[in-house]
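**Q** Structure for this input, please:
(3 chains)
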Amino acid sequence: MTAPVKKGRAQGLLQRNNEAVARFVFLAAACVCVLCVALICAYLFATALPALAKIGPLQFLGGVRWDPNRNIFGILPMLVGSVCVTGGAILFGVPVGLLTAVYLAKFAGSRTAGVLRPLVSLMAGLPSIVYGFFGLVVLVPLLRELLGGPGRGKSILTASILLGMMILPTIIGVSESALRAVPGSYHEGALALGASHERSTFFVVLPAAKSGILASIVLGVGRAVGETMAVVMVAGNQARLPGGVLEGVRTMTANIVLEMGYAQDLHREALIATATALFVFILLINLLLARVKRGDRA
Amino acid sequence: MKKPDVLSFLLRWLVRAAALVTTVLVLVIAGYVLINGVPQLKPSLFALKYTTSNVSMLPALLNTLMMTGLSLFIAAPLGAFSAIYLVEYAKRGNRLVKVIRLASETLAGIPSIVYGLFGLIFFVTALKWGYSLLAGAFTLAMMVLPVLMRTTEEALLAVPDSYREGSFGLGAGRLRTVFTIVLPAAVPGILAGVILAVGRVAGETAALIYTAGALEELVKSPLDSAATLSVHMYHLAGEGLHVKESYATAVVLMVMVLGINGLSSLAAGKMSKGGKCAS
Amino acid sequence: MKRLLGIFAVAAVLLTGAAGCAKSDDSIYVLTREKSSGTRGAFVELTGLEGKDENGQKYDNTVDTAEVTGSTNVMLTTVAGDMNAIGYVSLGSLNGTVRAAKVDGVAPHIDTIRDGSYPIARPFHVVTKGELKPAAKAFLEYVLSTEGQGLVIGNGYVSIDAPRALADAAPADLRKQTITVTGSSSVTPLMEKLAEGFMARYAGTGVKVQVSGSDSTMGVTDVLEGRSDIGMASRELKSSETERGAAATFIAKDGIAVIVNRESNVSDLTMEQIKRIYLGELTRWAEVTA
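**A** So this is what the prediction gives:
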């Protein structure tokens, strides 16, 4: 009689121990990403802040000239460049991506989806250099012939279209899983109230998946802001304020990849400060998103 | 009978049009790569050793597989465990959860070139790993961690609570419930995340040129420098001497990505079926 | 349906109109390399695009509307596709997709570079710091020998004046050694050939030379900070670099070809014209050909 009881108690204890260990392991794993961010922050700010103090924060963020030879480091042109191409990419990529996700989640037959889905993940797997080649050899001449302009095809517009293509898989993948995560009862309820399949999808399911969709857009913004190898081939990389969407532009990432190799001293620090500005930019977008989300939950 | 509904009609076609645009874009870019690359494929590109005359991609191909494997080996368990913590363990409204979520979203947004610079200073220089497979893999692991976390989290959230309640009701502990009930049901979603991550790793260049170097040789130890396929491509095309061969590399990369995707979805299908049988 | 057709027609007219405007445009599209590129450094210096500020610090006056690219391939592809473009590449990378302009009446060629009549040429250097390890020293000997310089000539570059005959290195110095060479991507293709030649010659010893390309400045920094044994630079060293202990050895000479589109009616430019194009003073091809 006593043996089984003991065994049961031991097992219970073991189980409780396991639970505690497991809980700790999971928690530790979850904290790794916090640690990563802390490490990156520490390193970036430790280099960037002294440089910022030397250059002057206003001259750095608001200066329109970037001339490392004369120790003039104004990143406003690159800031504007990054914002323009990212905005453009969102403008092109999000509508197409989101609607494709809706199609995949709610409209496509299983066979069509079975063809389209691998195609989309193929798109995600192509290296950015391939997109860069494609942009350089196909998009640039096309836009040069169609629209011309001072950038001769290497422009904000070209970079935006190319980046819009590149963020498609991110937008589609994350939005689709968000749409699928909405309980089927929402859709059925709307149908029962007499809404058509389309209406119920767009006005009931889509709003319910809002947070996942926003997350997909943020991921898309991240990818577009951070894209380097493709953008550097099609954007022209002129470090001055652009006058229009048909002019070339230099993004912050392009600035880093073009100059990091040889930069020394203050110049190198200024480039790391550029990376930091990029980082802060992303942080702000995320905080904004978090606020938006909280706003709707309340 | 339903009345003709203009809005529904428009929406239906809008969605189809978007899907069509996506399909066309994929086909155009894939076609572009195939047309330029397939005629350039020749056996010498797969020679065992890289030389300047054969510009073989085989070493880079194997390096890519290793880099992908290693970085996922580091990141996938971390990502999955983090997601499990967030979904299954953490209490709602926990402050730590907010911090973790913010951190993962920030990580997701950090540009790969910034990862590259960080990897150069931290793994390559501070930890003295040099330009190496290991430094590259760790850098990439940091990069794909948020993707894996986010997709695993979505997948776990999509598992109906009734599964968990059923398991608890039968007396299973939390740990047992997570591993035998929730995780199997979430496998397809998790694999979708892995696919996304594989894609990012295989296609990454900016982060790797600063961390893994560009040595065109099969790595013998994790501390050797290793060029992956996309870095190999970058260098082939850079000086304009081997642009054709770089297209061939792109074809191989594309086939590889397709292969990995195929395998993953096959695995996902098998595993989720297995899960159903067990339940 | 009719309306749709109407919209299409209007769009088509607008696009052809825009395309027409684009075609009649003859503004010069200037391409340059990133500032760390040795090719750019040499180009800027030789064409007189450099200025000096009050502190004697040199700077680069290239017009800020010029496209900046880090890749010879992007340069070649863009010029090959754009009637209005002008750029420059290493002679070793020149191919048939673009046309190399004559400079002051002289076409870029290995002979005109050797005799100095083609004005835009620059040295290839290897960069070292302090005493080299024996294996690296043996490699350098090989590069400067008649054998190594034979490869230099064979690959379309100009060799050094007096290569020495190669004395065999002691196999014990080379056994299982690895020599790392990093730096200028312009020098990389040549250096890879030299590395292969060296490894083939001493195949029995298992010596390895690992070459990876980035840019000249990176190559110098790598050597100074001990990340590689030998650096590659396609320009002269700066005083800030020599002060930190970097020493350059001249291994070959390379020309820089000024390239235009094959359909372009420009085939001969003067140094003055090139300079003024890159300063942004000449902005239309009509002003150049007139």
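**Q** how about low-confidence regions in the stretch 1-150 of chain B?
**A** Confidence mapping of the stretch 1-150 of chain B against pLDDT under 70 gives the ranges B:1-4, B:52.
**Q** One more: chain C?
**A** Residues of chain C meeting the criterion pLDDT under 70: C:1-24, C:53-57.
**Q** Show me how it divides into domains.
**A** Using automatic domain parsing, the domains assigned to chain C come out as C:28-121+C:256-289, C:124-253.
**Q** quick one, which of those is nearest to residue A:36?
**A** Checking the domains of chain C against residue A:36 by Cβ to Cβ gives domain C:124-253 as the closest, at 24.8 Å. Where C-beta positions appear, they are placed from N, C-alpha and C, glycine not excepted.
**Q** That closest one vs chain A: in contact?
**A** Yes - applying Cβ under 8 Å from any Cβ of the partner chain, one finds domain C:124-253 touching chain A at C:214, C:215, C:216, C:217, C:218, C:221, C:240.
**Q** what separates the residue lying closest to residue C:92 once chain neighbours are set aside from residue B:5, distance-wise?
**A** Excluding its sequence neighbours, the residue lying closest to residue C:92 (Cβ to Cβ, 6 or more residues apart in numbering or on different chains) is residue C:156, at 5.4 Å. Residue C:156 sits 70 Å away from residue B:5, going by Cβ to Cβ, to the nearest Å.
**Q** out of these two, which sits in the more crowded spot?
**A** Relative neighbour count places residue C:156 above the other of residue C:156 and residue B:5, with 17 against 14, counting by other Cβ atoms under 10 Å in any protein chain shown.
**Q** In contact with that one: list those residues for me.
**A** Neighbouring residues of residue C:156 by Cβ atoms under 8 Å, 6 or more residues apart in numbering or on different chains: C:91, C:92, C:110.
**Q** Residue C:235 is in contact with residue C:122, isn't it?
**A** Yes - assessed by Cβ atoms under 8 Å, residue C:235 is found in contact with residue C:122 at 6.1 Å.
**Q** Can you pull the residues of the stretch 151-279 of chain B lying near chain C?
**A** B:209, B:213-215, B:217, B:225, B:227, B:235, B:237-241, B:243.
**Q** go again using 7 Å as the cut-off
**A** B:213, B:214, B:215, B:235, B:237, B:238, B:239, B:240, B:241, B:243 (Cβ under 7 Å from any Cβ of the partner chain).
**Q** Same list, those, but as JSON lines with distance to residue A:155 please.
**A** Formatted as JSON lines, these follow (distance: Cβ to Cβ, whole Å):
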{"residue": "B:213", "distance to residue A:155": "34"}
{"residue": "B:214", "distance to residue A:155": "31"}
{"residue": "B:215", "distance to residue A:155": "37"}
{"residue": "B:235", "distance to residue A:155": "27"}
{"residue": "B:237", "distance to residue A:155": "22"}
{"residue": "B:238", "distance to residue A:155": "23"}
{"residue": "B:239", "distance to residue A:155": "26"}
{"residue": "B:240", "distance to residue A:155": "23"}
{"residue": "B:241", "distance to residue A:155": "28"}
{"residue": "B:243", "distance to residue A:155": "23"}
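**Q** closest to chain A among those residues?
**A** Closest approach to chain A among these (Cβ to the nearest Cβ): residue B:237, at 7.1 Å.
**Q** which SS class is that closest one?
**A** Following DSSP: H, G, I helix; E, B strand; the rest coil, the label given to residue B:237 is helix.
**Q** Would you quantify the distance from it to residue C:261?
**A** 20 Å.
**Q** quick one, which of those two is more surrounded?
**A** Comparing residue B:237 with residue C:261 by other Cβ under 10 Å, the one with more neighbours is residue B:237, at 26 against 21.
**Q** Let me see the backbone angles for the one residue in the stretch 51-200 of chain B that gets nearest to chain A.
**A** Across the stretch 51-200 of chain B, the shortest distance to chain A (Cβ to the nearest Cβ) belongs to residue B:111, at 2.4 Å. Per-residue torsions, residue B:111: phi -60, psi 150 (degrees, to the nearest 10).
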